[in-house]
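*Asks:* Below are the sequence and a predicted model; questions follow.
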Amino acid sequence: MNSYEKRISVVAGLLLISAAIAQNIMNYPLTPLAYLAVVYNLVVFSVIHRFIVKDDGDANKSIRRVMIGSMLRLFLSVIFLTISLFNLGKVDVGFVTVFISSFILFLFFDISKISTKLRPDSK
């Protein structure tokens, strides 16, 4: 487990704990699928980050991997969200809020880590 995976796991843990605390404070029942969504985002972002950070020395291939990884991340997240919402029956605002917040938080975290891959000469 590298440092990125450790850091993103801590972020996911904090997000899970904050969702549980918010659920208890607001007395709003969250579906267990909301917690699964955070773990799903954690796995997707970790696997795609491993794909992105391969170092082969070619800047064009690195940028291409970043773009492909971004598209895969978005499509996998939208597919999970769509399937989950169809299975829930009615739209659960708590689930959507947890899913979108975890996606955006992980995305900000990932962008901060790979910003030098987008412009290799800006190290």
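*Replies:* Structure received. Numbering: from 1, shown residues only.
*Asks:* what about residue 18, how many neighbours?
*Replies:* Residue 18: 12 surrounding residues under other Cβ atoms under 10 Å. No exception for glycine: its C-beta is placed from N, CA and C like everyone else's.
*Asks:* got the buried residues for the host helix or strand of it?
*Replies:* Under the criterion of DSSP states H and E, residue 18 resides in helix 3-26. The neighbour-count check on helix 3-26 (16 or more other Cβ atoms under 10 Å) flags 4, 8, 11, 12, 15, 16, 19, 23 as buried.
*Asks:* what's the closest of the residues you listed to residue 60?
*Replies:* Lowest distance from residue 60 to the buried residues of helix 3-26 (Cβ to Cβ) belongs to residue 4, with 23.0 Å.
*Asks:* Confirm for me that residue 109 is in contact with residue 7.
*Replies:* Yes. Residue 109 lies in contact with residue 7 (Cβ atoms under 8 Å); the separation is 7.4 Å.
*Asks:* re the thing from before, with pLDDT and distance to residue 85 as extra columns, can I get the buried residues of helix 3-26 in TSV?
*Replies:* Output for those, formatted as TSV (pLDDT from 0 to 100; distance: Cβ to Cβ, whole Å):
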residue	pLDDT	distance to residue 85
4	76	30
8	83	25
11	85	24
12	87	21
15	86	20
16	88	21
19	86	18
23	83	19
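*Asks:* how about a markdown table for those residues, with distance to residue 52 added?
*Replies:* Below are the buried residues of helix 3-26 laid out as a markdown table (distance: Cβ to Cβ, whole Å):
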| residue | distance to residue 52 |
| --- | --- |
| 4 | 10 |
| 8 | 13 |
| 11 | 17 |
| 12 | 18 |
| 15 | 22 |
| 16 | 24 |
| 19 | 27 |
| 23 | 33 |
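*Asks:* Show me which pair in those residues is furthest apart.
*Replies:* 4 and 23 (28.5 Å).
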